[in-house]
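Asks: dropping the sequence and predicted coords here.
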Amino acid sequence: MHAYLTTSLFGGQRGDIFRDVFILDADGKLRVNGPEKQPELDVRHPIQKIVVYSHSKPLSGLSVTYQLASGGNITLSHGYKKGPLVQVIDFTENERLAGVFGRVLSLNDSHEGDLILSLGFVIFDASTGVIRVVNPPGTPNEQMVEAMNPSPKYIPFYVSDVLAFGGFDAPDTDEYTRIEGLFFYKNAAA
């Protein structure tokens, strides 16, 4: 039997929570929260693709394509899925998400709360031993950050061995939502 854990939240918790996976007590396997009948996640190669969206704000949206134990896949998307800054990260069959890193913009003195400012990935190729780092698709304009909070505080984070994503997305305007905060699911043995 496997044991999984959920990390702490990085960023804010305004808006609606999303959990890309859950654990069924009966079998202890990770199940994907999709429109299908709770398909099992392939924990040996859980992620096939990640798309990060940024639309003149910090992290606007996130789409993750998960590989299922059955061999199929399912894509779950959160936040606003358009924008001028789009980063697509495809994983080969031998690549694993070794880590997720980024920065949280702390807006404690603002009605906005904290939010994810940037997001990057460390990817390990199990067949070659090569690591590649995919940096965030860009940092928001410093003037925009200063306008949100005259004395911004940046909080870095890093999480290893990520299997799946969870978090909060909140309305930003009438047109779209943004990712406020993220937490991660990982293997407890890692």
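Replies: That came through, no problem. Just so we're clear, the structure is a prediction, and the values are computed from it rather than from any experiment.

Asks: now for the protein, the helix or strand with the poorest mean pLDDT.
Replies: helix 142-148 (a mean of 51; mean pLDDT, DSSP states H and E).

Asks: identify the residues contacting the residue nearest to G99 when sequence neighbours are not counted.
Replies: Nearest residue to G99 in three dimensions, chain neighbours excluded: V122, at 3.8 Å (CB to CB, 6 or more residues apart in numbering). Where C-beta positions appear, they are placed from N, C-alpha and C, glycine not excepted. Contact analysis of V122 by CB atoms under 8 Å, 6 or more residues apart in numbering lists L97, A98, G99, V100, F101, I131, R132, V133.

Asks: for these, pick the one with the most neighbours.
Replies: Ranked by neighbour count (other CB atoms under 10 Å), those have L97 at the top, with 25 neighbours.

Asks: contacts only, for L115.
Replies: Here L115 is in contact with G11, G12, P58, L59, V104, L105, L107, R178, I179, E180, G181 (criterion: CB under 8 Å, 6+ apart).

Asks: tell me if I'm right that the first one and G166 touch.
Replies: If I follow you right, that is G11. No. G11 is not in contact with G166 according to CB atoms under 8 Å; the separation is 11.6 Å.

Asks: who's more crowded, those two?
Replies: The neighbour comparison of G11 against G166 (other CB under 10 Å) goes to G11, with 26 against 20.

Asks: ok, the more buried one - contacts?
Replies: V104, D114, L115, I116, G167, F168, I179, E180, G181, L182.

Asks: point me to the helix or strand that includes the residue nearest the centre of the chain.
Replies: Compute the mean C-alpha point of the chain, and by CA atoms, centre = their mean the closest residue is F165, 4.9 Å away. Per DSSP states H and E: F165 is located in strand 162-171.

Asks: any idea which helix or strand comes after that strand?
Replies: strand 177-187.

Asks: tell me which other helices or strands that next one touches.
Replies: strand 4-6, strand 10-11, strand 59-67, strand 73-79, strand 95-106, strand 115-125, strand 153-160, strand 162-171 (3 or more CB pairs under 8 Å, 6 or more residues apart in numbering; DSSP states H and E).

Asks: ok, which of those strands comes nearest R19?
Replies: strand 162-171 (4.5 Å; CB to CB).

Asks: each with direction, which strands does the closest one pair with?
Replies: The pairing partners recorded for strand 162-171 under DSSP bridges are strand 16-19 (antiparallel), strand 177-187 (antiparallel).

Asks: which parts of it are buried?
Replies: Going by neighbour count (16 or more other CB atoms under 10 Å), the buried part of strand 162-171 is V162, L163, A164, F165, G166, G167, F168, D169, A170.
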